[in-house]
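J.: Give me the fold of what follows.
(chains A and B)
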2 protein chains.
Amino acid sequence: MSQPQNRQFRLAARPVGLPKDSDWEFVTAPATAPQDGELLVAVEYLSLDPAMRGWMNEGKSYVPPVQIGAVMRALGVGRVLESAAEGFAPGDQVSGPLGIQSHATLKASECRKIDISLAPLPVYLNILGMTGMTAYFGLLEVGEPKAGETVVVSGAAGAVGATVGQIAKIKGCHVVGIAGGPDKCRYIVDELGFDAAIDYKAENVGKALKTSCPNGIDVYFDNVGGEILEACLAQINLRARIVICGAISQYNATTAPKGPANYLSLLVNRARMQGMIVFDYADRYHVAAKDMAGWMAAGKLKGREDIVEGLETFPHTLLKLFSGENFGKLVLKV
Amino acid sequence: MSQPQNRQFRLAARPVGLPKDSDWEFVTAPATAPQDGELLVAVEYLSLDPAMRGWMNEGKSYVPPVQIGAVMRALGVGRVLESAAEGFAPGDQVSGPLGIQSHATLKASECRKIDISLAPLPVYLNILGMTGMTAYFGLLEVGEPKAGETVVVSGAAGAVGATVGQIAKIKGCHVVGIAGGPDKCRYIVDELGFDAAIDYKAENVGKALKTSCPNGIDVYFDNVGGEILEACLAQINLRARIVICGAISQYNATTAPKGPANYLSLLVNRARMQGMIVFDYADRYHVAAKDMAGWMAAGKLKGREDIVEGLETFPHTLLKLFSGENFGKLVLKV
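T.: Next up, the predicted model:
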């Protein structure tokens, strides 16, 4: 079988601030034939995530940085074209770290088979993928919300935030989302059932939190960092839990990021601030996926994907995450 | 019985930056006779603590602020002169929130009797007092050190820090203290048995931590905040615990304090930063005191008090805490 042409984006330079076109190299070359234990996968959808910006930086983090000249790391879903691995056959749908490319050759052990009779492919990049797992374990294991408590989430119309808020509602909490713009705010209240929304672009977040959280904040799930983290720290309750999941406001900073000046609120309130990385919960993804699929089937949990077509649009599509333009889980259709 | 003259310091103004003489009013007046359930106590020793600076500020905290015109709040030990409360008799030694004064009239329910045959009075303001309790519960309950882990403590020659480090050694940890000046550094290593000391006045703390913590930091007990907190955040291990006990570098700041710019190290390392207030553990002080007394008797735990004589010296003696001049638990002998 002659190999198909693989089109891929490689990291050409480490970005300073927002990634520019010149930080990428677009390469077309024959796809690599799978060796023993490997698969060749036709990539169908790719997950675009804020964390990708961190992977582009040099230096120690929770995963090694993407090397200059390497294909950009990304999770994706696709269809097996060729299999040199036991248990996988052409036609199988799989998810895995496929990378920003049209054809991925990778170890079968890095992939898992998915069942598109249960949910359409892009859902496996959203609620049934890392996004949903991040929301589930971050909220429930690190945030530890109890029924009746107040949960605030930032990036609330984003893929993780929207799922966090809905799970918190399922658990009986008072849920307030912080999002940018009236459409996103309407969406999380009217369609997702949040109790209140704060439009950080139009409102003073501190003042709005006072109104929408009359009993203070018990759990703050932080996707953004910066001033919104400070505004929430100022209104936490005794023994509050702050989940540090991301800090999108800081990822493209070219000066040293600003730490939360009022972190001593943790002392006064005997509160904690704790980071989480979804990979730590891999051995229990199946538990979460079962819960999440059940909630989706019951109509209690909704996902929304913002699907952009065309692998070639990747450099510009990625930027939608940082401008706040995406509305729902950002997915690239190859 | 004619009442003795009570000499006391009242808060005259809310300080901006370091407390000045004009922030205090020194008043002499007859002591108040105890009413039903109260004691009149001749104050012998008073505990001077960094937390007092916070109590002088307006605004919500873990205890109400000291009101303008009120006697300055302080823990102390003394001898009962008159008792109108069951279970207390003249001559009993007690500890309690006596305030910066020579004669305190207060509810007996706020006091507890102490046994000076077990330890001299000032020890009840140090290892057997709030200081020791703070170290014990902060380290063991919030820091959760395990044998073989690396524990770093700042303000290490201070009353809380010195106790934290010694308890961590008792628990089998590698212990590194950060203190100011060669005398304090020698003391914590040579006399208290810390594994290493870092002189923040003479060394680059980040570089020194690399040398003295070859396996990274598992628990950081923070008494100081500021740049030292950042230096430690930069070198924490996976699932590290940062105990926020104080931030003496920030207490007199007249501009907004600086938050830890690298707090995302919590995310990368799935670490937590948690505040603690000793009063939350009041129902278990007796457990801690028993452990601590046992360790002291066994020669494993040493205290050092820096005793300054004269109630009238209070305004200047307090400042020793913030200049780092005190060496050991700062105690005022009335």
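J.: contacts and neighbour counts: CA atoms only from here.
T.: Noted.
J.: In contact with residue A:37, which residues?
T.: Residues near residue A:37 by Cα atoms under 8 Å, 6 or more residues apart in numbering or on different chains: A:83, A:84, A:85, A:86, A:107, A:108, A:109.
J.: roughly how far apart are the second one and chain B?
T.: Put plainly, it is residue A:84. In this structure, residue A:84 and chain B are separated by 35 Å, where distance is defined by Cα to the nearest Cα, to the nearest Å.
J.: re the thing from before, just the buried residues out of the contacts of residue A:37, in PyMOL syntax.
T.: The command below creates a PyMOL selection of those among those that count as buried (16 or more other Cα atoms under 10 Å in any protein chain shown):
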select buried, chain A and resi 83+84+85+107+108
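J.: which one of the contacts of residue A:37 sits closest to chain B?
T.: In terms of Cα to the nearest Cα, no member of the contacts of residue A:37 lies closer to chain B than residue A:109, at 24.8 Å.
J.: Return the residues in contact with the closest one.
T.: With contact taken as Cα under 8 Å, 6+ apart, residue A:109 is in contact with residue A:37.
J.: ok, how many other residues are close to the residue nearest to residue A:113 when sequence neighbours are not counted?
T.: Computed as Cα to Cα, 6 or more residues apart in numbering or on different chains, the closest residue to residue A:113 that is not its neighbour in sequence is residue A:94, at 4.3 Å. Residue A:94 is surrounded by 25 other residues when neighbours are defined as other Cα atoms under 10 Å in any protein chain shown.
J.: sec struct for residue A:94, please.
T.: Taken by DSSP: H, G, I helix; E, B strand; the rest coil, the conformation at residue A:94 corresponds to strand.
J.: Could you pull up the residues touching residue A:94?
T.: In this structure, residue A:94 makes contact with A:77, A:78, A:79, A:80, A:111, A:112, A:113, A:114, judged by Cα under 8 Å, 6+ apart.
J.: What strands flank the host helix or strand of the first one, and is each parallel or antiparallel?
T.: Here residue A:77 sits within strand A:76-83, counting by DSSP states H and E. Sheet pairing here is set by DSSP bridges, and for strand A:76-83 it gives strand A:38-47 (antiparallel), strand A:93-96 (antiparallel).
J.: one step back: quick one: which of the contacts of residue A:37 sit in helices?
T.: Among the contacts of residue A:37, no residue falls in helices (DSSP state H).
J.: Spatially, what comes nearest to the most centrally placed residue in chain A if we skip its sequence neighbours?
T.: To find the centre residue of chain A, average its C-alpha atoms and take the closest one (Cα atoms, centre = their mean): that gives residue A:131, at 4.3 Å. Nearest-residue entry for residue A:131: residue A:160, 5.4 Å, with adjacent residues in sequence omitted and distances by Cα to Cα, 6+ apart.
J.: Quick one: residues contacting the closest residue to chain B within the stretch 1-150 of chain A.
T.: Distances between the stretch 1-150 of chain A and chain B by Cα to the nearest Cα are smallest at residue A:62, namely 5.3 Å. By Cα under 8 Å, 6+ apart, the contact list for residue A:62 reads A:277, B:268, B:269.
J.: For those residues, please prepare a markdown table with the additional fields secondary structure, distance to residue A:288 and pLDDT.
T.: Supplementary listing: those in a markdown table, determined by DSSP: H, G, I helix; E, B strand; the rest coil; distance: Cα to Cα, whole Å; pLDDT from 0 to 100:
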| residue | secondary structure | distance to residue A:288 | pLDDT |
| --- | --- | --- | --- |
| A:277 | coil | 15 | 93 |
| B:268 | helix | 22 | 91 |
| B:269 | coil | 23 | 95 |
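J.: Reformat these as TSV; add distance to residue B:121 and neighbour count.
T.: What follows is the contacts of residue A:62, written out as TSV (distance: Cα to Cα, whole Å; neighbours: other Cα atoms under 10 Å in any protein chain shown):
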residue	distance to residue B:121	neighbour count
A:277	50	18
B:268	47	22
B:269	44	21
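J.: of the residues you listed, closest to residue B:40?
T.: Proximity to residue B:40 was ranked across those by Cα to Cα; first place goes to residue B:269, at 53.0 Å.
J.: For chain A, see how far away that closest one is.
T.: Distance check for residue B:269 against chain A: by Cα to the nearest Cα, it reads 7 Å.
J.: which SS state does the nearest residue to that residue once chain neighbours are set aside fall under?
T.: What sits nearest to residue B:269 in space, not counting adjacent residues and going by Cα to Cα, 6+ apart, is residue B:238, at 4.4 Å. When classified by three-state DSSP, residue B:238 comes out as strand.
J.: what's near enough to touch residue B:238?
T.: B:218, B:269, B:270, B:271.
J.: Of those, which pair is most distant in space?
T.: The most widely separated members of the contacts of residue B:238, counting by Cα to Cα, are B:218 and B:270 (11.8 Å).
J.: who touches both of the two?
T.: Any residue near both residue B:218 and residue B:270 by Cα under 8 Å, 6+ apart counts here, and that gives B:238, B:239, B:240.
J.: TSV for those, including distance to residue A:184 and pLDDT?
T.: Listed next are the shared contacts of residue B:218 and residue B:270 as TSV, based on distance: Cα to Cα, whole Å; pLDDT from 0 to 100:
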residue	distance to residue A:184	pLDDT
B:238	36	96
B:239	35	97
B:240	36	98
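J.: hmm, back to that, work out for me the element the residue nearest to residue A:131 sits within.
T.: Element membership for residue A:160, per DSSP H and E: helix A:159-170.
J.: Now the following helix or strand past that helix: buried residues?
T.: Going down the chain from helix A:159-170, the next helix or strand is strand A:174-179, by DSSP H and E. Neighbour counts over strand A:174-179 (16+ other Cα under 10 Å) mark A:174, A:175, A:176, A:177, A:178, A:179 as buried.
J.: residue boundaries of the helices in chain A?
T.: For chain A, the helices defined by DSSP H occupy A:51-55, A:130-137, A:159-170, A:182-186, A:205-212, A:226-233, A:265-268, A:285-297, A:314-323.
J.: Need the winner for burial among these.
T.: By mean neighbour count, with neighbours taken as mean count of other Cα atoms under 10 Å in any protein chain shown, helix A:159-170 ranks first of these at a mean of 26.
J.: So which elements touch that helix?
T.: Based on contacts counted as 3 or more Cα pairs under 8 Å, 6 or more residues apart in numbering or on different chains; DSSP states H and E, the elements that helix A:159-170 packs against are helix A:130-137, strand A:150-154, strand A:174-179, strand A:329-333.
J.: Reformat those as CSV; add mean pLDDT.
T.: Listed next are the helices and strands packed on helix A:159-170 as CSV, based on pLDDT from 0 to 100:
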stretch, mean pLDDT
helix A:130-137, 95
strand A:150-154, 98
strand A:174-179, 98
strand A:329-333, 95
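J.: With respect to residue B:211, which of the ones you listed lies nearest?
T.: Smallest distance to residue B:211 across those (Cα to Cα): 35.7 Å, for helix A:130-137.
J.: Show me what the closest one is in contact with.
T.: So helix A:130-137 is contacted by A:125-127, A:159-161, A:163-164, A:167, A:277-278, A:281, A:285, A:288-289, A:292 (Cα under 8 Å, 6+ apart).
J.: Excluding residues flanking it in the chain, which one is nearest the residue of the stretch 101-250 of chain A found nearest chain B?
T.: Taking Cα to the nearest Cα as the measure, the point where the stretch 101-250 of chain A comes nearest chain B is residue A:244, at 5.9 Å. Of all residues beyond its chain neighbours, the one nearest residue A:244 is residue A:275 (4.5 Å), with distances taken as Cα to Cα, 6+ apart.
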